[in-house]
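# Could you work out the structure for the sequence below:
(one chain, ligands or ions: 2)
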Amino acid sequence: MTTHYLHPRVFKINVGFLLSAPVGTSQDSTFEFPDVRVADDVTLHYLRGPLRMSRTKEGILVQATLHAGLENECYRCLDAVAVDSVVLVEELFATNGDVDAEFHIFDDAIMDMAPLLRAEILMNTDERVLCREDCKGLCPECGINRNHQTCTCDEDKIDPRLEALKRLLKAE
Ligand SMILES: [Zn+2]
Ligand SMILES: [Zn+2]
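Ligands and ions are numbered 1, 2, ... in the order given. Here you go, the predicted model:
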């Protein structure tokens, strides 16, 4: 079964109605996206949460607390881990190119949230995650995933008698 991801264009919001509203006007909405592609390098199992857009003097202020279902890698064993990542957004989309803002809305009144969301989500994927609290990680000797397989690399090491024997053999 293949998953069909929503295209990043779902994050292009026409805010013309809000731009023509008086400063102070705000609109609340909710993101509720199942499998969605935010960018070529960011796909999510879901993105949901409340979102507020407010008309300010400089443009549109976006405030949101979103939950992003993303896939990360366990830092011990490198297995894929499903992570619910909280994405906090508070960003001005300026209508005036002169305003020192990272994001702008141009004459077409389209506010593209994808680049902003991509940046926030990528920042969250830097967090180190474990697949489980007691993840055994990879064997430093042979590289197998010790959660799924067992190897004998450790036994050689731990057995003190073997160690002693090895030392004895080397000494000769
Ligand atoms: Zn792990
Ligand atoms: Zn091993």
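
# So, low pLDDT: which residues of the chain?
Scanning the chain for pLDDT under 70 picks out 1, 154-163, 165-166, 171-172.

# residue ranges for the helices of it, please.
With helices called from DSSP state H, the chain shows them at 16-19, 114-124, 153-158, 160-171.

# Show me what the shortest one is packed against.
Looking back up the chat, that one is helix 16-19. strand 42-55, strand 59-73 (3 or more C-beta pairs under 8 Å, 6 or more residues apart in numbering; DSSP states H and E). Bear in mind the C-beta positions are built from the backbone N, C-alpha and C, glycine included.

# if you set the cut-off to 7 Å instead, what comes out?
Helices and strands touching helix 16-19, as assessed by 3 or more C-beta pairs under 7 Å, 6 or more residues apart in numbering; DSSP states H and E, comprise strand 42-55.

# Parallel or antiparallel, which strands does the strand it packs on pair with?
Sheet pairing of strand 42-55 (DSSP bridges) gives strand 26-39 (antiparallel), strand 59-73 (antiparallel).

# Please identify the most buried of these.
Most buried of the strands paired with strand 42-55, by mean neighbour count (mean count of other C-beta atoms under 10 Å): strand 59-73, with a mean of 19.
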